[in-house]
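The following comprises the amino acid sequence and a computationally predicted model.
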Amino acid sequence: MRPEQHFPPDYRTARANFIGAAEARDIGTTARLHPTAKSRDGKNLFLDTATIGAREAKKALLLISATHGVEGYFGSGVQTGLLREGLVAPGNSKIVMLHALNPYGFAWDRRVNEDNADINRNFVDHKKPPANRHYAALADAVAPRDIARETMTTANAALKAYSRKHGAFALQAAISKGQYEYPDGLYYGGAKESWSQLMLRDVLNEELRDVKKLIVIDFHTGLGPHGHGEMISEDLPGSPAYRRAKKMWGERVRSSEAGESVSAPLTGTVDKAVPAFLPNAEVTFAALEAGTLPVRDVFDALRRDNFLHMHAKGKHRDAEKIRRRIRAAFYPDTPQWKRMVWKTAGEVVHAALKSFE
């Protein structure tokens, strides 16, 4: 098959393709049913896993898709394609594929879950969540309650003023770091542990609790030049985990904590959670970030999606246009983009597996 044929048109097809590819290789899958959330057509949603190699292996590669739901087209396509092309685990190792960590977001073409929570900001102490006073100062401008031209112009002026005063990167950090005060805002980390967080814990406990060496690749889209892949590490240069990542993935690795990355430093991430959940394992974690559209276009799509669901309750004359825009912002549905990101994904996965040899 051509690489672009591995990428799905929607969540339902993505799940069927993933399970079908596993079954074709006689690899069993485990389905975890979401207890409350449904797809737009009222059907059930699932987090699915497949494991390649010996379950008792002490070295493992974990591949995660759809942490940010609408970004799942990329990760799902890679997971399905790798299964179809016969990916194997070398030596005494295994590969665990976690398909659709946030199935609601995938099915609804939203980055967040059913509670408007960003899964990659959700891993905090919700009794004492971290404060983000910079977001608080910009809340109305970041997530306007309507998308009339006058409102957006005023909101954009406030953001530009902040950028002029503090710098563009400081603005990005204020907006995207994560916030826990505005449930109807962007990058909201949630008021409680999400179902996705609980299921990730369950997968780690069931599939990876005894591993001694774990490499994690979490597939993301939306930041960076079109089709370019960056391995975002939340470890500081010089740390053991950063050095391991550099040895595997070379110049692709960039530390968000050190200001090297297209991403600002974040709070409550999967990256920081996995080592905490598996304290006896050596964990090397990176998010493979595939670039799509310019940042301003991605941000505009997120704001309009947030307005549609949080304030218009899904009903607006431009609803379908808004849905198409956010999908395109995180999933450029073109053969060229798919071939570019497929190539990068294959290279980083095989580099990770080579470290097990």
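The structure has been received and is ready for your questions.

Every contact and neighbour count from this point should use C-alpha atoms.
Noted.

So residue 31 belongs to a helix, correct?
No: counting by DSSP: H, G, I helix; E, B strand; the rest coil, residue 31 is not part of a helix but strand.

Could you tell me how many residues sit around it?
Residues lying near residue 31 (other C-alpha atoms under 10 Å) number 13.

Disregarding flanking residues, what is the spatial nearest neighbour of it?
Spatially, and ignoring its direct neighbours in sequence, residue 31 is nearest to residue 48 (4.5 Å; C-alpha to C-alpha, 6 or more residues apart in numbering).

C-alpha coordinates for whichever helix or strand that neighbour is part of, CSV please?
Here residue 48 sits within strand 44-53, counting by DSSP states H and E. Coordinates of the C-alpha atoms in strand 44-53 are reproduced here as CSV (Å, rounded to 0.1, in the frame of the first residue of the first chain):
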residue,chain,number,x,y,z
ASN,A,44,-19.7,4.0,21.4
LEU,A,45,-16.1,5.2,21.7
PHE,A,46,-13.1,3.1,22.6
LEU,A,47,-9.5,3.2,23.6
ASP,A,48,-7.8,0.1,22.0
THR,A,49,-4.4,-1.5,22.6
ALA,A,50,-2.3,-4.0,20.7
THR,A,51,0.9,-5.6,21.8
ILE,A,52,3.6,-7.0,19.5
GLY,A,53,6.2,-9.3,21.1
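
Going toward the C-terminus from that strand, what's the next helix or strand?
Beyond strand 44-53 on the C-terminal side, the first helix or strand identified by DSSP H and E is strand 59-64.

roughly how far is that next one from the heart of the chain?
15 Å (C-alpha atoms, centre = their mean, to the nearest Å).

pull the CA atoms of it into CSV?
Extracted in CSV, the C-alpha atoms of strand 59-64 (Å, rounded to 0.1, in the frame of the first residue of the first chain):
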residue,chain,number,x,y,z
LYS,A,59,12.1,-3.5,27.3
ALA,A,60,9.2,-1.8,25.6
LEU,A,61,8.2,0.9,23.1
LEU,A,62,4.8,2.6,23.7
LEU,A,63,3.2,4.4,20.8
ILE,A,64,0.3,6.7,21.7
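
Let's test this: mean pLDDT of that strand, rounded?
Strand 59-64 comes out with an average pLDDT of 98.

What lies in contact with the helix or strand that comes right after it?
Using DSSP H and E, the helix or strand that follows strand 59-64 in sequence is helix 72-84. The contact list for helix 72-84 (C-alpha atoms under 8 Å, 6 or more residues apart in numbering) reads 3, 6-11, 14, 17-18, 21-22, 25, 63-66, 97, 99-100, 106, 218-221, 331, 338, 341-342, 345-346.

for the stretch 151-300 of the chain, what are the low-confidence residue spans?
The model of the stretch 151-300 of the chain has no residue with pLDDT under 70.

now the strands for it?
213-221, 229-233, 253-255, 282-290 (DSSP state E, counting those that start in this stretch).

Need the residues that contact the second one.
In this case it means strand 229-233. With C-alpha under 8 Å, 6+ apart, strand 229-233 has contacts from 224, 242, 245, 249, 252-257, 261, 263, 285-291, 341, 344.

now the third one
Around strand 253-255, the neighbours that count as contacts under C-alpha under 8 Å, 6+ apart are 230-237, 242, 245-246, 260-261.

closest to residue 182 among these?
residue 234 (25.0 Å; C-alpha to C-alpha).

how many other residues sit next to residue 253?
Number of residues near residue 253 (other C-alpha under 10 Å) recorded here: 23.

Over to the one 4 residues further on?
Look at residue 257: counted by other C-alpha under 10 Å, it has 17 neighbours.

what sits against it?
233, 234, 235, 236, 264, 265.

show me where the stretch 101-250 of the chain has helices.
For the stretch 101-250 of the chain, the helices defined by DSSP state H, counting those that start in this stretch occupy 103-108, 133-142, 149-166, 168-176, 195-207, 240-249.

could you point out the longest helix in the protein?
The longest helix of the chain (DSSP state H) is helix 335-354.

what angle sits between that one and helix 72-84?
60 degrees (axes from the mean of the first three to the mean of the last three C-alpha atoms, to 10 degrees).
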